[in-house]
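1. heads up, no residue letters with this:
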């Protein structure tokens with residue numbers, strides 16, 4: 001496991017997404033230890049690993065190290081690249097879980113983010129895709145988005161095409 005003097009260090013799984021997003025925006029590496037270390041099923045959950053894979057897809061040059069038990073994560077962010085990305089979201093969390101973080105990162109990407117997310121549309125924990133749509137359209141009219149015309153439903157699975165282009 002690599003360590004660097006200027007990396008941030010945290011313990012536990014609280015605010016994992018936010019820590020990784022802020023690490024990506026600031027360019028500072030982060031090391032998170034004791035992720036559910038005392039739990040019967042220690043380490044990262046599948047949906048968290050899926051989120052880390054998504055971060056790796058929208059960045060260029062990220063370095064990710066996870067120990068064998070999944071209880072320690074080292075993340076050195078790469079450059080926010082954007083472009084066309086497809087990602088299969090884990091079915092334990094809705095697309096909103098992934099989309100919330102992408103909305104924070106998208107304005108800072110080198111290329112406009114054109115992303116296809118496949119997964120569950122809503123659950124009891126995360127915002128649904130429709131609430132993300134309405135919050136996006138109200139919060140910043142300076143970007144254009146394309147959503148439902150490319151959306152396809154498969155039982156409870158949803159494919160979302162979301163394009164963000166910010167005007168400079």
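-> Structure received. It should be emphasised that the depicted structure is a prediction, and the values quoted were computed from it without experimental measurement.
2. Scan this protein for its longest helix.
-> Across the chain, the longest stretch assigned as helix under DSSP state H is helix 46-58.
3. Summarise which helices and strands that one is packed against.
-> The elements that helix 46-58 packs onto, with contact taken as 3 or more Cβ pairs under 8 Å, 6 or more residues apart in numbering; DSSP states H and E, are helix 16-26, strand 63-66, strand 73-76, strand 83-88, helix 95-105. Heads up, the C-betas are built off the backbone N, CA and C, glycines and all.
4. Tell me the buried residues in the fourth one?
-> Residues of strand 83-88 classed as buried under the neighbour-count rule (16 or more other Cβ atoms under 10 Å) are residue 87.
5. and that strand, which strands flank it?
-> Each strand pairing with strand 83-88, determined using DSSP bridges, is listed with its direction: strand 113-120 (parallel).
6. Now do the buried residues in the strand it pairs with.
-> By 16+ other Cβ under 10 Å, the buried positions in strand 113-120 come out as 113, 114, 115, 117, 118, 119, 120.
7. Determine how far it lies from the middle of the whole chain.
-> What separates the centre of strand 113-120 from the centre of its chain is 11 Å, taken as Cα atoms, centre = their mean, to the nearest Å.
8. can you give me the angle that strand makes with helix 95-105?
-> Computed by axes from the mean of the first three to the mean of the last three Cα atoms, to 10 degrees, the angle separating strand 113-120 from helix 95-105 equals 160 degrees.
9. for strand 113-120, what is the average pLDDT?
-> Confidence for strand 113-120, expressed as mean pLDDT, is 88.
10. related to what we said a few turns ago, turn the buried residues of strand 113-120 into a markdown table, columns for distance to residue 37.
-> Rendered in a markdown table, the data for these read as follows (distance: Cβ to Cβ, whole Å):
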| residue | distance to residue 37 |
| --- | --- |
| 113 | 34 |
| 114 | 38 |
| 115 | 33 |
| 117 | 31 |
| 118 | 32 |
| 119 | 28 |
| 120 | 28 |
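11. coming back round to it: can you give the contact residues for the helix or strand just after the longest helix of the chain?
-> Heading C-terminal from helix 46-58, the first helix or strand you meet, by DSSP states H and E, is strand 59-60. Identification of contacts with strand 59-60 by Cβ atoms under 8 Å, 6 or more residues apart in numbering yields 24, 77, 78, 79, 80, 81.
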